[in-house]
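Undergrad: I would like to see how this sequence folds:
(one chain, ligands or ions: 1)
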Amino acid sequence: MNDCIFCKIAAHEVAAQVVYEDDDVIAFEDVNPQVPVHTLIIPKQHYAHVGDNVPPDLLGKVFSAVRVVAEAKGVAESGYRIIANSGEDGRQTVHHLHVHLLGGTRLPIRMGPAD
Ligand code: AMP
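TA: Numbers count the residues shown, from 1 in each chain. All right, here's what the predicted structure looks like:
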């Protein structure tokens, strides 16, 4: 995808603070962190969201990277939350599949009211 910011990060054409990388997956710090630990984990190949016919083995690689990133960020023991916003109602703003890993603080127990 020519104008996808996350594709450009995956290709190292746009700078990011990379936490983890392998042949298929890259994880980097969210540019606008919502909590002390806020890292994004993406497949390097472009898929719009988790429901975009992503090959199961690639989904497995993305979710396997969650554990690696949680350890790298020091939250594997304390706990964390993963979120994959998908589509309009999911409030997805970057349309390249990504998993938010959130932690480093005690997270709210549930979502607030819709706005
Ligand atoms: P979402 O709303 O789930 O699509 O989340 C997109 C996330 O990408 C937001 O948390 C943004 O802060 C983050 N983001 C957007 N552009 C960049 C970038 N260039 N580097 C790192 N994070 C980004």
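Undergrad: Could you point out the longest strand of the protein?
TA: Longest strand in the chain by number of residues, with DSSP state E as the criterion: strand 37-43.
Undergrad: mind checking which helix or strand R67 is in?
TA: For R67, the host element (DSSP states H and E) is helix 56-72.
Undergrad: Mind listing the strands the helix or strand following that helix pairs with, and their directions?
TA: Counting by DSSP H and E, the next helix or strand C-terminal to helix 56-72 is strand 80-83. Strand 80-83 sits in its sheet next to strand 99-103 (antiparallel), going by DSSP bridges.
Undergrad: got the angle for the strand it pairs with vs strand 37-43?
TA: Strand 99-103 runs at 160 degrees relative to strand 37-43, counting by axes from the mean of the first three to the mean of the last three C-alpha atoms, to 10 degrees.
Undergrad: For strand 99-103, give me every contacting residue.
TA: Strand 99-103 is contacted by residues 27, 30, 34-42, 62-63, 66, 69-70, 73, 75, 78-85 when judged by C-beta atoms under 8 Å, 6 or more residues apart in numbering. Placement of C-beta: from N, CA and C, glycine included.
Undergrad: So among the residues you listed, which ones count as buried?
TA: 27, 30, 35, 37-42, 62, 66, 69-70, 73, 75, 80, 82, 84 (16 or more other C-beta atoms under 10 Å).
Undergrad: and the ligand, which of those residues contact it?
TA: Under the cut-off given by C-beta under 6 Å from any ligand atom, the ligand has 30, 40 from those close to it.
Undergrad: if I read this right, R91 contacts I83, doesn't it?
TA: No - R91 sits out of contact with I83 when judged by C-beta atoms under 8 Å, with a separation of 10.1 Å.
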